[in-house]
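Engineer: My questions concern the predicted model and sequence given below.
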Amino acid sequence: MVSNQAYLFLVFIVNGVLIGLLFDFFRITRKVVRTNDLITYIEDVLFWILAGAIVLYSIFVFNNGELRLFMFLGIVLGAFAYMIFISSYIIKINVKIINTLIIPFKVVFKILHKIFFKPFTFIFINIRKSFTKIGMKLKKQKNLVKN
């Protein structure tokens, strides 16, 4: 009985580490990609749904759906230990890797932007200037007619 509970405690410590990894996944994505508040709220809800699913799955698979206080203590201990000892290294390494992998995409995007979008912006700016000149001429003619 005690060995089974010790096994369950270790399983839920691993669950806490997995939840910490999941939390860091969202932290890493926020560091690499700037998101607005709505996307952040959606990510938070998604995190809690996934964390809840991990815990519920483990409770039903490893303990037949029975809740014990030590299981939640194991989750807290695992997540706390992960955050204290491992999290900062995981975040730093992954952010560096992702930023390094993104560099070629940024270069390609800049090239494509110059090829495709610069001409269009040039055309739209000139069209706007032309309409502004036409509008000013019409305004002058309207003022001349009134006087």
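Structural biologist: Everything's here; your move.

Engineer: only C-alpha atoms for contact and neighbour calcs from this point on.
Structural biologist: OK.

Engineer: next helix or strand past the longest helix along the chain?
Structural biologist: Using DSSP state H, we find that the single longest helix of the chain is helix 2-32. Using DSSP states H and E, the helix or strand that follows helix 2-32 in sequence is helix 37-63.

Engineer: So for the helix or strand following that following helix, what gets flagged as buried?
Structural biologist: Going down the chain from helix 37-63, the next helix or strand is helix 69-85, by DSSP H and E. For helix 69-85, burial by neighbour count (16 or more other Cα atoms under 10 Å) applies to 71-72, 74-83.

Engineer: Quick one: distance of helix 69-85 to the chain centre.
Structural biologist: In terms of Cα atoms, centre = their mean, to the nearest Å, the centre of helix 69-85 is set 24 Å apart from its chain centre.

Engineer: before we move on, the earlier item: could you list the buried residues of the longest helix of the chain?
Structural biologist: The neighbour-count check on helix 2-32 (16+ other Cα under 10 Å) flags 8-24, 26, 28-30 as buried.
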